[in-house]
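Q: how would this look folded up:
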Amino acid sequence: MSKGKRYETEGKLNYQKVFAVIIAIAVIAMFILIVRNILKQRKELNETYEYFALYSADKWGVINQKGEIIISPSYQEMIVIPDKTKDVFLCTYDINDETGSYKTKVLDKKNEEILTEYEQVEALENMDKNNNIWYEKNVLKVEQNGKYGLIDFNGKQLLQCEYDEIETLEGIENSLLLQKDGLYGLANDSGNIIIEAQYKEIKNLGTTYKEGYITVDANGKYGIISTTKKQILENKYDNIEQIYLSDYYLVTENGTRKLINSQGETIFENSFDEIKSATTRGIIFVKDNQYGEMNLQGEVTIEPKYQDLKQVKENIYIAKRNETYGIIDENENTLLPFDYTGIVFNEKANLFIADDAQYNTSIIDTNYDVKLLGILSEINTDKSYIRMRIDNDYKYYDFECNEKSSSEVLTSNTLFLSKQNGKYGYVDKNGNVVVDYVYDDATEQNEYGFVAVKKNGLWGSIDKDANIVIEPTYNLDENLKIDFIGKWHLGQDLNMNYYCEK
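A: Got it, this is the predicted structure:
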């Protein structure tokens, strides 16, 4: 009996199945990659970006809040960013110092030129009482054929180019002076005409546009127009002073200074040297360099014997006497002793902030009790906290002056400043040390996720994940504020609000 042939029991490799599996894996991997890219792009589209001027190697560019370069530093003049949340960057170039001529162009975040149909495009610069520069938002001045108009950031025309000049009313937002044929008018940031160009001069009445405007006609006579275009006082006065007194106005008529109402009726006259502000009972006035209060019948309610007087709440006044400040009521009872070099009332926090001769700050409640004493670092009315330096440590408090941990207050932070044995480090929200205690000084995390750290007299930065962005490198002893975005630090001139590398 013969034996049959013995066959190998190991199976042969099925190459078609192997190729099919490889292709399937590749397709799945490609699909995952595509989904990830879509999600990443969607995240980037939904992410809010902010932009800042950058100064590097004697040239100007733009970075975002991550410290990424958006426009490479290549311009001789600072790039103007009127609204840090919008990618509208105004660049100036081809400057001729002899003739004063220059060119402008507008770039977006892709470094592509936009708003190209105009000869010039410029931001409308303004300045507050502390000389801080700011820009009107979402409105730009444009030039065509030597005339000026307004557009928004998307290029929509708000005012035709028919004016000889357009400029801001200093210190007042939403108020643009229009010059035409030697006369002035006024528009708001939406391009709505508030006052036609028919006046010799236009001034603000108070500290905001809501309080209205003083107009001066061709005959030099003064009147008042409201922001809603209503003529409050006709142009017949020799002068109207820039003091907002609610429904009353300080005017000069026929050589007499007097307080009148909106009907032009005289309330009183010649009983004051100056009027400073309105109160719930009348007005704060000055006589012989002394401050007092009188009602609208001209009766003195607080004798003029103070060096300063300001109502901060109904029947509550901050007063200055013998070079120091205190708080009094309507009957001149002393509620807070005259022991301070300055006092202000923070209405949102409902607290008094008083400084003494030793540069300490007292936080005082509305019962006039001193709740905190130290060096004030910050009052944040958006997040309702106070930051004080007390006993050489920074501490946080709510507006009831209850102490809070930094993690309770700074809820969006990933790093929290901590101090041990005279050195600074950072912990996470659970109190775990994520940056060792090796720094001589440090800051809390800023809104962009970065912290500044100091070692051996030099400053560097760390990101939100506790990674060192740049080792302590910069001597910033001359800087009033220490702040970093990526490896870039805030420049010395805070008015310009730019970042750089020293």
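
Q: buried ones in stretch 480-498?
A: When burial is assessed from 16 or more other Cβ atoms under 10 Å, stretch 480-498 yields the following buried residues: 482-491, 498. In this view, the C-beta of every residue, glycine as well, is placed from N, C-alpha and C.

Q: with secondary structure added, can I get those residues in TSV?
A: Formatted as TSV, the buried residues of stretch 480-498 follow (DSSP: H, G, I helix; E, B strand; the rest coil):
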residue	secondary structure
Ile482	coil
Asp483	coil
Phe484	strand
Ile485	strand
Gly486	coil
Lys487	coil
Trp488	strand
His489	strand
Leu490	strand
Gly491	coil
Tyr498	strand
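
Q: tell me the bridge partners for the closest residue to Ile364 other than its chain neighbours.
A: Nearest residue to Ile364, sequence neighbours excluded (Cβ to Cβ, 6 or more residues apart in numbering): Phe352, at 4.0 Å. With DSSP bridges as the criterion, Phe352 is bridged to Phe345, Ile364.

Q: what sits against Phe352?
A: Contacts for Phe352 (Cβ atoms under 8 Å, 6 or more residues apart in numbering) come out as 327, 336, 343-346, 362-366, 368.

Q: circling back to that earlier point, just name the closest of the buried residues of stretch 480-498 to Tyr55, please.
A: Tyr498 (5.5 Å; Cβ to Cβ).

Q: wait, the closest one touches Leu54, no?
A: Yes. Counting by Cβ atoms under 8 Å, Tyr498 touches Leu54, with 6.8 Å between them.

Q: overlap in contacts of the two?
A: Going by Cβ under 8 Å, 6+ apart, residues that sit against Tyr498 and also against Leu54 are Trp60.

Q: hey, where'd the helices end up in the stretch 301-450 of the chain?
A: Assigned by DSSP state H, counting those that start in this stretch, the helices in the stretch 301-450 of the chain fall at 406-409.

Q: mind checking how far the residue nearest to Ala197 when sequence neighbours are not counted is from Leu169?
A: Nearest residue to Ala197, sequence neighbours excluded (Cβ to Cβ, 6+ apart): Gly185, at 3.4 Å. In this view, Gly185 and Leu169 are 12 Å apart by Cβ to Cβ, to the nearest Å.

Q: what's the overlap in contacts for the two?
A: Residues touching both Gly185 and Leu169 (Cβ under 8 Å, 6+ apart): 177, 202.

Q: hang on, the residue nearest to Ala197 in a helix?
A: No. Checked against three-state DSSP, Gly185 lies outside a helix; its state is strand.

Q: let me see the backbone angles for Met30.
A: When quoted as degrees, to the nearest 10, the phi and psi of Met30 stand at phi -60, psi -40.

Q: shaky segments in the protein?
A: 1-21, 35-46 (pLDDT under 70).

Q: residue closest to the middle of it?
A: Trp134 (8.1 Å; Cα atoms, centre = their mean).

Q: with the contacts of Phe352 in mind, which one is nearest to Glu444?
A: Nearest to Glu444, judged by Cβ to Cβ, of these is Ile363 at 19.3 Å.

Q: was I right about that closest one contacting Arg387?
A: No. The pair Ile363 / Arg387 is not scored as a contact, 11.1 Å apart, by Cβ under 8 Å.

Q: measure Gly220 to Asp238 for me?
A: Distance, Gly220 to Asp238, using Cβ to Cβ: 8 Å.

Q: and those two? Which one has more around it.
A: Neighbours were counted for Gly220 and for Asp238 using other Cβ atoms under 10 Å; Asp238 has more, 14 against 11.

Q: nearest spatial neighbour of the more buried one, skipping sequence neighbours?
A: Nearest one to Asp238, counting by Cβ to Cβ, 6+ apart, is Thr252 at 4.5 Å.

Q: just Asn413 next, same as before
A: Gln445 (4.7 Å).

Q: other residues contacting stretch 277-286?
A: Residues from elsewhere that reach stretch 277-286, judged by Cβ under 8 Å, 6+ apart: 243-246, 248, 259, 271-276, 291-296, 301, 304, 309-311, 314-315, 330.

Q: check stretch 54-64 too.
A: Contacts with stretch 54-64, where a contact means Cβ under 8 Å, 6+ apart, come from 49-53, 69-79, 81, 89, 109, 485-486, 488, 491, 498-501.

Q: over to stretch 393-407?
A: Stretch 393-407 is contacted from outside by 349-351, 363, 365, 371-372, 374, 377, 384-389, 408-409, 413, 416-417, 419, 429, 444, using Cβ under 8 Å, 6+ apart.

Q: from Gly223, how far off is the residue nearest to Glu323 when sequence neighbours are not counted?
A: With Cβ to Cβ, 6+ apart as the criterion, Glu323 has its nearest non-adjacent residue at 7.1 Å, and that residue is Gln307. As for Gln307, its distance to Gly223 is 34 Å (criterion: Cβ to Cβ).

Q: over to Lys404?
A: As judged by Cβ to Cβ, Lys404 and Gly223 stand 52 Å apart.

Q: of those two, who's got more company?
A: Gly223 (19 against 15).

Q: enumerate every residue touching the nearest residue to Val438 once chain neighbours are set aside.
A: Sequence neighbours aside, Lys423 is the residue nearest to Val438 in space, at 6.1 Å (criterion: Cβ to Cβ, 6+ apart). Counting by Cβ under 8 Å, 6+ apart, Lys423 touches 437-440.
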